[in-house]
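Undergrad: One predicted model, sequence on top.
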Amino acid sequence: MSEVPLQLPGYAHVYSGKVRDLYAPLGADGAPRADQLLLVASDRMSAYDFVLDTPIPDKGVVLTQMSLWWFDRLADLVPHHVVSTDVPAAVAGRAVLVERLEMLPVECVARAYLTGGGLNEYRSTGAVSGIALPEGLVDGSRLPEPIFTPSTKAPVGEHDEPIPYAGVVAEIGEDLAARVRDLTVRILQRGNEIATDRGIILADTKVEFGMRGDDVVLADEVLTPDSSRFWPADQWEPGHPQPSYDKQFVRDWLTSPASGWDKASGEAPPALPDDVVEQTRAKYVEAYERLTGQTFRA
Ligand SMILES: N#Cc1c(N)ncnc1-c1cnn(CCN2CCOCC2)c1
């Protein structure tokens, strides 16, 4: 689905990713400012590497408010890029004005549980990102401690590629590599200290950092279902793929006969039925309310 980005008076469209769009505020001279960006979270949802045709109402608002909540709770660990939530009415609640940073060219991933690509690498080598792990781990196993498993920043439509820690050092230097590694792991640890008690396991997460002078600044979004694997804690059972907190209704319907879709066909998935959309919206709202203890207001 190629969606024309929203026109926002006073802003120039800069970039569109799978589920988020970037704008630059216009300065008094009418030119895009170089010091700020407007990050807009859409209601688009991706599944099986496709951006689905059917939006999930309020997803952009829920994930933006969740990310802002986490930025506040991580501020003692790392400064963040948020400037203001005073944004155009057309994107109220789902956009954030941020400081434009010199972004580091690394997807900083930390894993507290073993699954997905990390599990595949472990099954082949007994390690993930060069970090040897105990024998006998299975899909969903909790790791002895969270590990840093960075990847490249792939262009839109391509997959990020895992890189060894040495690759990060080569890219950004030893000091900075150690700083972003330690911060990424601590962010996930802090996230799980808070989330697990509230019924959500954060199996892994991807964060992005930018530089403000010599300071490492947390950018992008943080600890949301789009940047992290959210699992229902009460259903955690190592040994098989874990249910997704937010994506399971969509995955189950798309892989059921009801959808008429063949995942192996390479064809785009069909539109979602209303009940799957509403159940998915409800899971995003539920995750927000469990984490923050606040009632979601659209
Ligand atoms: N967050 C944030 C942020 C920030 N605070 N400062 C500078 N850049 C970014 C940013 C946000 N997304 N991307 C990746 C998309 N790029 C957009 C441009 O074109 C290349 C791809 C960079």
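TA: That came in fine, so what should we check first?

Undergrad: remind me which residues of this structure are low pLDDT?
TA: Filtered on pLDDT under 70, the chain yields the residue ranges 1-3.

Undergrad: Spatially central residue in it, please.
TA: Nearest residue to the geometric centre of the chain (Cα atoms, centre = their mean): Ser227, 1.2 Å.

Undergrad: Kindly report the residues of the stretch 1-150 of the chain close to the ligand.
TA: By Cβ under 6 Å from any ligand atom, the part of the stretch 1-150 of the chain that sits against the ligand consists of 14-15, 22, 37, 39, 81, 98-101, 103. For every residue, glycine as well, the C-beta is placed using N, CA and C.

Undergrad: Select only the buried ones of those residues in PyMOL?
TA: Selecting only the buried entries of these in PyMOL, with 16 or more other Cβ atoms under 10 Å as the criterion:
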select buried, resi 22+37+39+81+98+99+100+101
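
Undergrad: Need the max-distance pair from the residues of the stretch 1-150 of the chain next to the ligand.
TA: Maximum pairwise distance among these (Cβ to Cβ): 16.4 Å, between Tyr15 and Glu99.

Undergrad: Gly54 touches Asp275, doesn't it?
TA: Not quite, residue 54 is Thr, not Gly. No - the criterion here is Cβ atoms under 8 Å, and Thr54 misses it with Asp275 at 11.8 Å.

Undergrad: Comparing the two, which residue is more hemmed in?
TA: Counted by other Cβ atoms under 10 Å, Thr54 and Asp275 do not tie: Thr54 has more neighbours, with 19 against 10.

Undergrad: now the more buried one: how far from Gly157?
TA: 20 Å (Cβ to Cβ, to the nearest Å).

Undergrad: got it, and Asp86?
TA: Per Cβ to Cβ, Asp86 is found 33 Å from Gly157.

Undergrad: Assign a three-state SS to Trp231, would you?
TA: Classification of Trp231 by DSSP: H, G, I helix; E, B strand; the rest coil places it in strand.

Undergrad: I meant Val168, not that one.
TA: Three-state call for Val168 (three-state DSSP): helix.

Undergrad: contacting residues for the residue nearest to it when sequence neighbours are not counted?
TA: Closest residue in space to Val168, ignoring its immediate chain neighbours: Ala177 at 4.4 Å, by Cβ to Cβ, 6 or more residues apart in numbering. Contacts of Ala177 were listed using Cβ atoms under 8 Å, 6 or more residues apart in numbering, and they are 165, 168-169, 171.

Undergrad: Mind jotting down where the helices sit in the stretch 1-150 of the chain?
TA: In the stretch 1-150 of the chain, the segments counted as helices under DSSP state H, counting those that start in this stretch are 59-74, 116-125.

Undergrad: What is the last one packed up against?
TA: Under the contact criterion of 3 or more Cβ pairs under 8 Å, 6 or more residues apart in numbering; DSSP states H and E, the helices and strands touching helix 116-125 comprise strand 127-128.

Undergrad: Mind giving me the packing neighbours of the strand it packs on?
TA: helix 116-125.

Undergrad: contacting residues for the residue nearest to Arg198 when sequence neighbours are not counted?
TA: In this structure, Arg198 finds its nearest non-sequential neighbour in Arg290, 4.6 Å apart by Cβ to Cβ, 6+ apart. By Cβ under 8 Å, 6+ apart, the contact list for Arg290 reads 198-200.

Undergrad: of those, buried ones?
TA: For these, a neighbour count by 16+ other Cβ under 10 Å gives the buried set as 199-200.

Undergrad: Make TSV from the residues of the stretch 1-150 of the chain next to the ligand and add distance to Asp204 to it.
TA: Listed next are those as TSV, based on distance: Cβ to Cβ, whole Å:
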residue	distance to Asp204
Val14	28
Tyr15	25
Leu22	24
Leu37	26
Leu39	22
His81	22
Val98	24
Glu99	27
Arg100	27
Leu101	23
Met103	21
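
Undergrad: Out of the residues of the stretch 1-150 of the chain next to the ligand, list just those in strands.
TA: 14-15, 22, 37, 39, 98-99, 103 (DSSP state E).

Undergrad: any idea how far Arg111 lies from the ligand?
TA: Arg111 sits 22 Å away from the ligand, going by Cβ to the nearest ligand atom, to the nearest Å.

Undergrad: All set, thanks.
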